[in-house]
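Asker: after the sequence you'll find the predicted model.
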Amino acid sequence: MPHYHVVAAIIQHRGKILCAQKGAGKYSYIDYKYEFPGGKVETGEPLEAALRREVLEEIHLNIHVDELYHTVFHKYPDFSITMAAYLCTTSDVGSLLLEEHIQCQWLSPAELPQLNWAAADLPIAEKLAAAAKNV
Ligand SMILES: Nc1nc2c([nH]c(=O)n2[C@H]2C[C@H](O)[C@@H](COP(=O)(O)OP(=O)(O)OP(=O)(O)O)O2)c(=O)[nH]1
């Protein structure tokens, strides 16, 4: 079973987080699920550079990668991933353009668990919501 290293961007702007919905693809169990923008790391590529590259390619947004928030290992039926999710910021949300996702939403951390997340993302969405309750 293939294993992929994936990076994901938790993009924060004015107290909200960008949540992006996937379209239909190869695997029904992640089709139409919400995820954080990002993607597979190329061989030898630094993780933060991979993340900036993927986010620019996918949604045309320049981000600043702040810090690693959470790393998850998840086994889907056909492949597994190790996904590193980073807290990120941006200043130019006005230029956002979706190349691969069918829609996106800016939600407060407390609202995140309401979405239908890819299974690997659920612990991250729940951690962000729990942290928001404690501030
Ligand atoms: N970018 C991103 N991918 C995620 C998240 N959660 C999650 O399970 N994944 C999965 C979906 C993909 O199988 C993989 C990311 O790789 P990718 O974005 O390059 O995947 P893809 O299928 O669109 O690309 P490809 O294989 O067609 O080249 O990780 C997430 O929050 N962000």
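Answerer: Arrived safely.

Asker: please name the nearest non-neighbouring residue to the spatially most central residue of the chain.
Answerer: What sits nearest the mean C-alpha location of the chain, by C-alpha atoms, centre = their mean, is Phe36, with 1.6 Å. Nearest non-adjacent residue to Phe36, counting by C-beta to C-beta, 6 or more residues apart in numbering: Ala8, 3.9 Å away. Heads up, the C-betas are built off the backbone N, CA and C, glycines and all.

Asker: remind me which residues of this structure are low pLDDT?
Answerer: Applying pLDDT under 70 to the chain flags no residue at all.

Asker: spell out which parts of it neighbour the ligand.
Answerer: Near the ligand, the residues belonging to the chain are 4, 6, 8, 25, 30, 35-36, 38-40, 81, 83, 118, 120-121 when assessed by C-beta under 6 Å from any ligand atom.

Asker: if you set the cut-off to 8 Å instead, what comes out?
Answerer: With C-beta under 8 Å from any ligand atom as the criterion, the chain comes near the ligand at residues 4, 6-8, 20, 22, 25-27, 30, 33, 35-40, 54, 58, 74, 76, 79, 81, 83, 85, 100, 117-121, 124.

Asker: dump the residue contacts of Ala110.
Answerer: Ala110 makes contacts with 129, 132-133, as judged by C-beta atoms under 8 Å, 6 or more residues apart in numbering.

Asker: do the same with Glu35
Answerer: For Glu35, the contacting residues are 8, 19-22, 117-118, 121, by C-beta under 8 Å, 6+ apart.

Asker: the chain: strands as residue ranges?
Answerer: Using DSSP state E, the strands assigned to the chain run over residues 3-13, 16-22, 34-35, 38-40, 64-75, 80-89, 101-107.

Asker: export the ones you listed to a markdown table and tack on distance to Ala49?
Answerer: Compiled in a markdown table, these are given as follows (distance: least, C-beta to C-beta, whole Å):
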| stretch | distance to Ala49 |
| --- | --- |
| strand 3-13 | 9 |
| strand 16-22 | 20 |
| strand 34-35 | 20 |
| strand 38-40 | 12 |
| strand 64-75 | 9 |
| strand 80-89 | 12 |
| strand 101-107 | 21 |
